[in-house]
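A.B. asks: Pasting the sequence and the predicted model now:
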Amino acid sequence: MTLFQRTVSKGSAEYFFLKVAIEFVDSGISTDSLTFKLVVTKALKELFGDAGAAIPVDILGFLDQTMEAILRVPGRSVVKLWSALTLLSECGGEECAIRVKQVSPHLMSLAVNSRQFYQNLPS
């Protein structure tokens, strides 16, 4: 008889990767990667002060059409970034929300969304 043990490790990875999307109430508004980086830094500063603004967050990719980004953050700061993005409600005077779609310590795992994987397979 095989005994399976579930192991969960949080915060042990050097970096975590987040796939996020910014959504505006007015659908005609768009943003670029530089503005998005400023919004992320502002969200961290509003919630955690200057110490939050000092958290190194890298934007590895940004898609202008879907306004999705892949962020890299040190493992010890992933919860702070996630909470700051979740609580953000305004971007440059416009109401917005940042949705965290996926989080992983491995960049490659963001390439496939398991909930949509079988829907995209050819018949």
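C.D. replies: Nice, thanks for sending it over. Numbering: from 1, shown residues only.

A.B. asks: could you point out where the chain is predicted with low confidence?
C.D. replies: Across the chain, the ranges flagged by pLDDT under 70 are 1-11, 113-123.

A.B. asks: Now do the strands in it.
C.D. replies: 15-24, 58-63, 68-74, 90-91, 94-104 (DSSP state E).

A.B. asks: closest to Leu34 out of the ones you listed?
C.D. replies: Between Leu34 and these, the tightest spacing by C-beta to C-beta is seen for strand 58-63, at 9.0 Å. (Glycine included, C-beta is placed from N, CA and C.)

A.B. asks: Go through the closest one and flag the buried ones.
C.D. replies: The neighbour-count check on strand 58-63 (16 or more other C-beta atoms under 10 Å) flags Phe62 as buried.

A.B. asks: Next: stretch 19-31.
C.D. replies: Buried residues in stretch 19-31 (16+ other C-beta under 10 Å): Lys19, Val20, Ile22, Phe24, Thr31.

A.B. asks: measure it end to end?
C.D. replies: 16 Å (C-alpha to C-alpha, to the nearest Å).

A.B. asks: quick one: contacts of the longest helix that the chain contains?
C.D. replies: Across the chain, the longest stretch assigned as helix under DSSP state H is helix 33-53. By C-beta atoms under 8 Å, 6 or more residues apart in numbering, the residues outside helix 33-53 that reach it are 22, 31, 55, 57, 59, 62, 67, 69, 71, 80-81, 83-85, 87-88, 91-92, 96, 98.

A.B. asks: List only buried entries from those residues.
C.D. replies: Buried among the contacts of helix 33-53 (16+ other C-beta under 10 Å): 22, 31, 55, 57, 62, 67, 69, 71, 80-81, 83-85, 88, 91, 96, 98.

A.B. asks: Make JSON lines from the strands of the chain and add distance to Thr35 to it.
C.D. replies: What follows is the strands of the chain, written out as JSON lines (distance: least, C-beta to C-beta, whole Å):
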{"stretch": "strand 15-24", "distance to Thr35": "9"}
{"stretch": "strand 58-63", "distance to Thr35": "10"}
{"stretch": "strand 68-74", "distance to Thr35": "11"}
{"stretch": "strand 90-91", "distance to Thr35": "8"}
{"stretch": "strand 94-104", "distance to Thr35": "11"}
